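1. Structure of the sequence below:
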Amino acid sequence: MPIRLGIDVGGTFTDLFLLNEGQETVHLVKTPSTPNNHIVGILKGFQELLTEAGITAGDIDSIVHGTSLPTNVVLEGKGGRVGLLVTENFEQVLHLARSQTPGPFNGWMAMQKPDLPCDLELTRGIPERINARGEVIQPMDESRARELIDEIARKDVESITISLLHAYVNPQHELVLRDIVGSVYPDLPVFLSSETHSEIREYERTLITVVNAYIQPRVKEYLKILQQEFESMQCSPTFHMFRSDGGLMGTDHAIAFPVYSTRSGPAGGVCGAAFESVHSGHSNVIGFDMGGTSTDISLIQEGRLNTSPGTLLGKFPIEIPAVEVHSIGAGGGSVAEISGTGTLQVGLKSANDVPGPACHGKGGTAATVTDANLVLGRLPSELIGGKILLDTKLAEEALGQLARRLELDLLETAQAVIDVANENIFGALRLAAAQKGSDLRNFALIAYGGAGPLHGNALAALGQCYPVIVPPTPGALSAFGFLCANIKHEVTSALIRPLVVAAIDDIRSRTSELVGRMENWLSDEGVAPADQNLEYSIDIQYRQKNNPITLTFQPDKIGEATIRDLMAQFETGHEQRYGFKDDVPVEIVKLRVIGTATIDQPTIPNAPSQDSGSSAVPAGEKRIYIEGEHHNVPIYDRSSLSSGNQISGPAVVTQRDSTTLIHPDHLGRIDERLNLLIETTS
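-> Prediction:
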């Protein structure tokens, strides 16, 4: 049986989750991240994990890795020096963007334009033109193109990106330019928009191609060094990178297309949440991941992840498939402050890791959600096995400043901070469900992240979304989720046609092209043809409305009846999501093929069950403040709980990676997979 390792490098902590299926054991190490060199933190945690698990590096069969490095490279402006070739007179495409500003009409006054990953001085316009039908209306001036390429190359660029108008229909000129670059500068990497993002809208297509080239040299260097470190320890496992869409890709593709892994951490948590929720008997759940800086919310319906066609990378809209996650500024480090109108607000600022919450003793003086939980007695004095020590006195001093301004006592102030944070999160939970035309009450709530289990019970009470599911390792669910994923890729093609029978031939031929591209990708991943699984979908919208609905179809069975079915499904889906149907023509926007190759899913045996309803044995007792009253509550060690154990609230459950609070009139139960399920008893 294999030994699998998931490694999640976040902004604050690096999590390593090891699953030894042969011994049916799980090991978790959580260590502070090292932002200046992520590999240092990984190797430190790796050595600690080997010691704890009693294995050697060579015993590990597979590693799945997700990292915030690609995102940080963009946010910190530390990427490569990128040259850009565009169609002549479109040199300003990245600077014009969508000509949108945040906020009201005067939003431009306060707008801080982000630094672009490609300078205008490194951009050149190539004399050429292809129209939207793919017809060449201006042949390329190859002689002038060579001169412009030489100009850029002499400026010490690390790569060249090529994004020409309508290359998604006809990439002919992009391919010619790549050949020209390769003939003169064979060692200079070239990235084509027609290969990176073959879709309409030149700004988005250019941006994703440039961002991919911008982060590629840093990711390439990082993965090379990391694999060398593992090899030096005689560790040569199967290695995959986790993607933002919840899939896996091998090292070669991860180096060529690092932009696909920019949101891997949140996506890993959702994958882990989906795995645990389905195996606990709940296929419709809302994921609640509360960490140190923010809260990520996701919807899992019928055990499937919701994905979106794009995500935000800092201030840049990147059109890559990504697990749909709604983020708000509500984490353990969220700062509580008094607004100009005298009201309490939480989450507009974060204490981050440095200086962190006041109770961390790193110089922070602002009151945070973590400080409030500590003052209320809900947190232990040390976290992560003693790696973080909490100082209650410092937390009281920080909250005391707020208390005096609010004219409340210390405990009332701390409770107010928690209540405001919970209301903010609850609003985001309701919005996430409503945007899918769903009712929050029809979902269970899975609480994870370092702070999620502390707040999960309160949020379930607000939204009546029971049970609360707290996984066995809530603070490292992303690293576990990496091990639950499959090799996956998505290819798309723009196809603007009316949804009528006459479009069938175009749908078939374009889908056939996509299938060929997908089979090549999966073959490069080492997937045999018999193991390749393909799904087909089509994006449909009311003409020029830009609110598409994605529907599945079978290209080999498409006919007149299929068109009628797609039309009916579209109208039903549009009404469910947007609340109305329209009397305008319907058009096709995009075709999509998603390819997967199922790898063996992790095998986690069910825990032996004790007598149903047996009471857990507390490890101690403490005094906490909850729902306006003091309570002496039992403290339980999560590692000592067994399947079938029950815990009556109020109670606190502690473990190395998180702390769970069970409210009064609620009952916690350990299921056969060692999930903690919390239900109301009132």
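2. Figure out the helix or strand that residue 377 lives in.
-> If you go by DSSP states H and E, residue 377 is not part of any helix or strand.
3. Which pLDDT value does the model give it?
-> Note on residue 377: pLDDT of 95.
4. And for residue 611?
-> The predicted local confidence for residue 611 is 58.
5. And residue 503, by the same measure?
-> Looking at residue 503, the pLDDT reads 90.
6. what residues are up against it?
-> The contact partners of residue 503, taken as CB atoms under 8 Å, 6 or more residues apart in numbering, are 495, 497, 563, 588. No exception for glycine: its C-beta is placed from N, CA and C like everyone else's.
7. so what's residue 103 scoring on pLDDT?
-> Residue 103 is given a pLDDT of 58.
8. Then residue 44?
-> 95.
9. nearest spatial neighbour of it, skipping sequence neighbours?
-> Excluding the flanking residues, the one nearest residue 44 by CB to CB, 6 or more residues apart in numbering is residue 31, at 5.6 Å.
10. I'd guessed that neighbour sits against residue 9; true?
-> No. If you go by CB atoms under 8 Å, residue 31 and residue 9 don't touch, sitting 10.2 Å apart.
11. Find residues that contact each of these two.
-> Shared contacts of residue 31 and residue 9 (CB under 8 Å, 6+ apart): residue 41.
12. Need phi/psi at residue 543.
-> Dihedral pair for residue 543: phi -50, psi 120, per degrees, to the nearest 10.
13. Could you tell me how many residues sit around it?
-> By the criterion of other CB atoms under 10 Å, residue 543 has 13 neighbours.
14. who's in contact with it?
-> Residue 543 neighbours (CB under 8 Å, 6+ apart): 498, 584-587.
15. could those residues be laid out in a markdown table, adding secondary structure and pLDDT?
-> Shown next, in a markdown table, are the contacts of residue 543 (DSSP: H, G, I helix; E, B strand; the rest coil; pLDDT from 0 to 100):
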| residue | secondary structure | pLDDT |
| --- | --- | --- |
| 498 | strand | 92 |
| 584 | coil | 89 |
| 585 | coil | 91 |
| 586 | strand | 93 |
| 587 | strand | 94 |
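16. Now the two most distant members of those.
-> 498 and 584 (11.2 Å; CB to CB).
17. Locate the residue of the chain with the greatest distance from its centre.
-> residue 143 (44.7 Å; CA atoms, centre = their mean).
18. what about that residue, helix or strand, and which?
-> Using DSSP H and E, the element containing residue 143 is helix 142-153.
19. what's the helix or strand following that helix packed up against?
-> Where DSSP H and E defines the elements, the next helix or strand beyond helix 142-153 is strand 159-163. Contacts defined by 3 or more CB pairs under 8 Å, 6 or more residues apart in numbering; DSSP states H and E place strand 159-163 against strand 82-87, helix 142-153, helix 172-184, strand 190-192, helix 193-196, helix 202-232.
20. could you dump these to a markdown table with distance to residue 16 and mean pLDDT?
-> Listed next are the helices and strands packed on strand 159-163 as a markdown table, based on distance: least, CB to CB, whole Å; pLDDT from 0 to 100:
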| stretch | distance to residue 16 | mean pLDDT |
| --- | --- | --- |
| strand 82-87 | 33 | 97 |
| helix 142-153 | 42 | 96 |
| helix 172-184 | 40 | 97 |
| strand 190-192 | 32 | 97 |
| helix 193-196 | 32 | 93 |
| helix 202-232 | 13 | 95 |
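21. before we move on, the earlier item: and the residue nearest to residue 44, what are its phi and psi?
-> Residue torsions, per degrees, to the nearest 10, at residue 31 are phi -130, psi 150.
22. what are the bridge partners for it, then?
-> Beta-bridge partners of residue 31, counted by DSSP bridges, are residue 14.
23. and it, how far is that from residue 125?
-> To residue 125, residue 31 is 49 Å away according to CB to CB, to the nearest Å.
24. can you give me the strands in the stretch 401-550 of the chain?
-> Counting by DSSP state E, counting those that start in this stretch, the stretch 401-550 of the chain has strands at residues 444-448, 468-470, 487-498, 533-542, 549-552.
25. which stretch among the ones you listed comes nearest residue 120?
-> strand 487-498 (27.5 Å).
26. quick one: least confident helix or strand in the protein?
-> Across the helices and strands of the chain, mean pLDDT, DSSP states H and E gives its lowest value to helix 107-110, namely a mean of 55.
27. List just the nearest of the contacts of residue 503 to residue 316.
-> Closest to residue 316, out of all of the contacts of residue 503 and judged by CB to CB, is residue 495, at 26.1 Å.
28. what's the burial count for the closest one?
-> 20.
29. wait, what's in contact with it?
-> 503, 506-507, 510, 588-591.
30. nearest to residue 381, of these?
-> Taking CB to CB as the measure, residue 381 lies nearest residue 590 of the contacts of residue 495, at 54.0 Å.
31. Who is the closest one paired with across the strands?
-> residue 494, residue 539.
32. Verify the contact between it and residue 539 for me.
-> Yes. Look at residue 590 against residue 539 with CB under 8 Å: they come within range, at 4.1 Å.
33. Which neighbours do those two have in common?
-> When contacts are counted by CB under 8 Å, 6+ apart, residue 590 and residue 539 have residue 548 as shared neighbours.
34. one step back: right, so of the strands of the stretch 401-550 of the chain, which gets closest to residue 291?
-> Across these, residue 291 has its closest neighbour in strand 444-448 (9.4 Å, CB to CB).
35. pLDDT on that closest one, on average?
-> Rounded mean pLDDT across strand 444-448 is 96.
36. Counting by contacts, list what that strand packs against.
-> helix 264-279, strand 285-290, helix 452-463, strand 468-470.
37. what about 6 Å?
-> Here strand 444-448 touches strand 285-290, helix 452-463, strand 468-470, going by 3 or more CB pairs under 6 Å, 6 or more residues apart in numbering; DSSP states H and E.
38. right, and these - which one's nearest residue 624?
-> Here helix 452-463 is closest among the helices and strands packed on strand 444-448 (CB to CB), at 11.3 Å.
39. Among the strands of the stretch 401-550 of the chain, show me which one is buried the most.
-> Of all the strands of the stretch 401-550 of the chain, strand 468-470 carries the top mean neighbour count, a mean of 29, counting by mean count of other CB atoms under 10 Å.
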